[in-house]
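In: Requesting a structural model of the entry that follows:
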Amino acid sequence: MPGLRIATRGSALARWQADEVARLIRTANPDVHVELVIVETVGDRRLDLPISELGGQGVFIKEVQAAVLDGRADVAVHSAKDLPSSTSTPGLHIGAFLERADPRDALVGSTLDGLPSGATVATGSVRRRAQLAWLRPDLTFADLRGNIPTRLQRVPSGGAVVVAAAALARLSLSDRADEVLDVSVMLPQVGQGAIAIECGDDDETVNKLLGALDDSRTRVAVECERGFLASLGSGCDLPVGAYARAGEDEVSVEGMLATADGRVMLKARAEGPAASAAELGARLAEDLLASGGVELLAG
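Out: Next up, the predicted model:
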């Protein structure tokens, strides 16, 4: 093929992800010319509003997907955590997941134990806020939006901000992390650390290119997590987290559902065959709903 156009957001992190996809494609296909198509999303334009007020999950991808659907690009590169799990975009599918990076969250400014009583933690994530409130009910919270460098400039005095460990690593900023929180302490967002590449359903040439990049264990793990989130329902605005580990034939997953203030938290685990990863995630969500999750969703 004469060339491949990659649609991506314009932030430094999004550009890094798209450049990594481009590098892998060029390595496997030296004769393919690859170029980036930069797209601005509503999530990038409206930094004055919380993501939940902009429509929640999906605000960072719709315009990027549109570039593929209207022919301006051949593939769209996303952070897998930004993809809605309960709906699919007609005409597109995930052609590849790159090998997952560190899925954990990181504190910048202080360790968790080092935060004084009443300290402020800045984060725009209800998932992070609820889990930290569960661990440290004495903490206070402030909303935070913006790209990674902007967030790192806004560490509250005596407090901390929370960012994805993978984002720090990709921007060569891992040394800024005061503590990386184990998944046993804070469950990550569904798909965190993974890069997803979408393409057209009927584009056989591009599908073949992406198939060579697909990491099977990452796909199994993320599909399990996405099955969990989808089963909770697209209207779920409560804190939700999940993390799956895929082996050769098996997958294990832990999921969490909490109240926004972190006072009530439900967790459950499951394991099963990798071939039924999405169904396993869905069953885990159903278990959580049956053990009190319905009441949480009902408020």
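In: From here on, just use CA atoms for contacts and neighbour counts.
Out: OK.
In: need the helices for the stretch 101-250 of the chain, in chain order.
Out: Defined through DSSP state H, counting those that start in this stretch, the helices belonging to the stretch 101-250 of the chain, from first to last, are 126-135, 148-152, 165-170, 204-211, 216-232.
In: Outside of stretch 89-100 itself, list whatever touches it.
Out: In this structure, residues lying in contact with stretch 89-100 by C-alpha atoms under 8 Å, 6 or more residues apart in numbering are 69, 193-202, 207, 210-211, 213-219.
In: If any of the residues you listed are buried, give me the PyMOL selection for them.
Out: Applying 16 or more other C-alpha atoms under 10 Å to the contacts of stretch 89-100 leaves a buried subset, and the PyMOL line that selects it is:
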select buried, resi 69+193+194+195+196+197+198+199+200+207+210+213+214+216+217+218+219
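In: one step back: out of the helices of the stretch 101-250 of the chain, which one sits most buried?
Out: With neighbours defined as mean count of other C-alpha atoms under 10 Å, the helices of the stretch 101-250 of the chain peak in mean count at helix 216-232, which reaches a mean of 26.
In: hmm, back to that, could you redo the helices of the stretch 101-250 of the chain as TSV and give each row distance to R263 and mean pLDDT?
Out: Rendered in TSV, the data for the helices of the stretch 101-250 of the chain read as follows (distance: least, C-alpha to C-alpha, whole Å; pLDDT from 0 to 100):
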stretch	distance to R263	mean pLDDT
helix 126-135	6	96
helix 148-152	27	94
helix 165-170	26	98
helix 204-211	43	94
helix 216-232	20	96
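In: Is it possible to get JSON lines of these that adds distance to D19?
Out: Formatted as JSON lines, the entries for those read as follows, by distance: least, C-alpha to C-alpha, whole Å:
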{"stretch": "helix 126-135", "distance to D19": "28"}
{"stretch": "helix 148-152", "distance to D19": "17"}
{"stretch": "helix 165-170", "distance to D19": "11"}
{"stretch": "helix 204-211", "distance to D19": "15"}
{"stretch": "helix 216-232", "distance to D19": "19"}
